[in-house]
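# Give me a model of this one.
(2 chains)
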Amino acid sequence: VSGRLRRAAVTAVGLALVAGCGVVRDNAGEPAIAPAVLSVDAAKTVFAHYETVNNAANTHLDPTLMATIEGGSRLVIDQASYRSARATKRKFSAFRYADPVFHVPRQAGYPRWFLVSSRPGKAKDPELQLFVRARAGDPWLMIASPRLTPKKKLPELVTDADGFVQPAPAAAAKAGATAYLDYLNGGPRSRNASRFAADPFTRSNFADLAEEQRHLGSGATATNSATLSDDPIIALRTKDGGTLVLFASVQREEIRLTDPDASLSFGSGPLDGLGLRPGQQYRQFVEITASIEHALVIPPKGPRKMELIGSDFGLTKATGL
Amino acid sequence: MRRFLSVCGIVIGVLIALVGGAAAVWVGPDDTLATGPHHVSSAGHAVVTAPGVLAKVGPTLHVSAAGPRPAFVGIGHDADVTSYIGPARHDQVHRLNIPWSLDTDLIGAPAGTLRRPGDADFWVAHASGPGAQAVAFPLTDGAWDIVLMNADGSQPVALDVTMGLEVGGAFYTALGVCLAGVLLVVGGVLLFRRRRPSVVTPPPLDGAGPAWPPGPRDGSYDQAHAQWGGGQ
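Have a look, this model is predicted:
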């Protein structure tokens, strides 16, 4: 009873104050417009920090330092390139990103992201640097930086009155990414091929595989399989009603030797430091893994085809027996 | 009727004066309704309020916490807090009853670690370190969570917590309510003590004093038959 009395008294006091003051009202919940994931100034700070730490990590070939600013596909590619650089005594020179343009969305949940388009060093073609924060409290990490195909431009992006870009539905973006990988896996005569405009990266991928098969002859078979990576798929609305999709894939190429007398060996080259021993004879199989970052444009409904406008590729691992 | 009204006025006035006075004492000149310190603990990494707990907008929320280990107290958006806590074990507060009782559920997995909360940049208000740590946050529309942790993100959590709501003008409002109650009491007392209209007693004509009543009992006064000092 004393508890009830006390609660009643407290409630009465509270009501008296609330009624008297008139400045307390019920929480109306979330505002209709989601907040920006960060301010453009904060994005500039993240980018500047990336630029500084990236050069330091490159100088010392320090994968641990690199892991403080990169994640996902980009980190896997760059850590592999460090292993390769140590094996070949290659050095990286410091560089700056020129003409960065920041594309920051409004977004309520996680993972959060923002995009930068800029030119690294003296490159003519811009890159798209995708930064992601997977969880609250995590650092911003660059997870992909596909380079735009020569003569391709970043499509104009939808922005609101405050200049924030607009995310596009994830389902359509994932469908587009999956269709592209089906095309990549199936080849130029596959079911999905007619949905995509020709692009130099995909064409070269097909040509390389065909050339490799010719080179291997009948004693070995090469199979390619690209799957979506675990990285988030990011989609932005474009002004023409389409969608710009950024995603990463993992490509595994397996060369299986069918001739018992045949063997494969690798000289010094891009696979140095990634797991194969130069000069060793591999008689059963060799598996080479690569990460690929893609920038895909899905047009609005109509006759236009989907088009890969940018990509980056890095060998990350190789094993054999 | 008048007596009934006056008694009602006095009773209601006393109640209002008591409520206003108690509120003024509780709120104090800093306009803050405070409760605590109260012991709050969790076997997990944190004690986190659900968004519905901070259901009001307008006041400034004050939270302070102190414990045997360096403490962390923070206020963040529910989307950020949920993402930060993730699957880590913690106590979620579903309801906070004033003056103080918490309805909580221990949820999440026992294993796992959390980054130091003070290193995160999503807090709208936070403080961490040894001794009492205090934050203030003007409550606005939105889903806001209070988070209590050890400063290093470890488990378990044991803290003494004081919470307060600062309502602008609350102290003077409470005083005003108290004064209104007092005025009501005074009014009631005056009404209670008010006499009937007095009848003028004429001076005795024969020195024996007035006979009462001097005239007819129906209130009309028959001047012709009026006489002082005797019967009719």
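# how about the strands in chain B?
In chain B, the segments counted as strands under DSSP state E are B:32-42, B:46-49, B:56-57, B:60-66, B:71-77, B:90-97, B:101-107, B:125-129, B:133-138, B:144-150, B:157-166.
# other SSEs contacting the last one?
Going back to what we said before, that points to strand B:157-166. Identification of packing neighbours for strand B:157-166 by 3 or more CB pairs under 8 Å, 6 or more residues apart in numbering or on different chains; DSSP states H and E yields strand B:32-42, strand B:46-49, strand B:60-66, strand B:144-150. Where C-beta positions appear, they are placed from N, C-alpha and C, glycine not excepted.
# is it possible to export these to CSV including distance to residue B:90?
Shown next, in CSV, are the helices and strands packed on strand B:157-166 (distance: least, CB to CB, whole Å):
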stretch, distance to residue B:90
strand B:32-42, 6
strand B:46-49, 4
strand B:60-66, 15
strand B:144-150, 9
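# looking at the ones you listed, which is closest to chain A?
strand B:32-42 (7.1 Å; CB to the nearest CB).
# still on that earlier bit, dump the helices and strands packed on strand B:157-166 to CSV, plus mean neighbour count and distance to chain A.
Listed next are the helices and strands packed on strand B:157-166 as CSV, based on neighbours: other CB atoms under 10 Å in any protein chain shown; distance: least, CB to the nearest CB, whole Å:
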stretch, mean neighbour count, distance to chain A
strand B:32-42, 18, 7
strand B:46-49, 25, 12
strand B:60-66, 20, 11
strand B:144-150, 25, 8
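# So residue A:107 versus residue A:309, what's the distance?
Between residue A:107 and residue A:309 the distance is 23 Å, computed by CB to CB, to the nearest Å.
# err, residue A:41, not the other one
Residue A:41 is 29 Å from residue A:309, by CB to CB.
# Neighbour count: the two, which is higher?
residue A:309 (22 against 9; other CB atoms under 10 Å in any protein chain shown).
# What sits closest to that one if chain neighbours are left out?
Once flanking residues are discounted, residue A:309 sits nearest to residue A:152: 4.4 Å by CB to CB, 6 or more residues apart in numbering or on different chains.
# For whichever residue of the stretch 101-250 of chain A sits closest to chain B, which three-state class applies?
Nearest residue of the stretch 101-250 of chain A to chain B, counting by CB to the nearest CB: residue A:137, 3.5 Å away. The three-state label given to residue A:137 by DSSP: H, G, I helix; E, B strand; the rest coil is coil.
# Let me see the contact set for it.
Counting by CB atoms under 8 Å, 6 or more residues apart in numbering or on different chains, residue A:137 makes contact with B:80, B:83, B:84, B:115, B:117, B:119, B:120, B:121, B:122.
# Tell me who's in contact with the fifth one.
Read it as residue B:117. A:137, B:46, B:72, B:74, B:84, B:123, B:126, B:128, B:147, B:149, B:151, B:153.
# quick one: the residue lying closest to residue B:132 once chain neighbours are set aside and residue B:75, what's the gap?
Using CB to CB, 6+ apart and skipping the chain neighbours, the partner closest in space to residue B:132 is residue B:66 (4.1 Å). Between residue B:66 and residue B:75 the computed distance is 17 Å (CB to CB).
# hang on, the earlier thing: what would the contacts of residue B:117 look like in a markdown table with pLDDT?
Compiled in a markdown table, the contacts of residue B:117 are given as follows (pLDDT from 0 to 100):
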| residue | pLDDT |
| --- | --- |
| A:137 | 91 |
| B:46 | 97 |
| B:72 | 98 |
| B:74 | 97 |
| B:84 | 95 |
| B:123 | 95 |
| B:126 | 97 |
| B:128 | 96 |
| B:147 | 97 |
| B:149 | 97 |
| B:151 | 96 |
| B:153 | 94 |
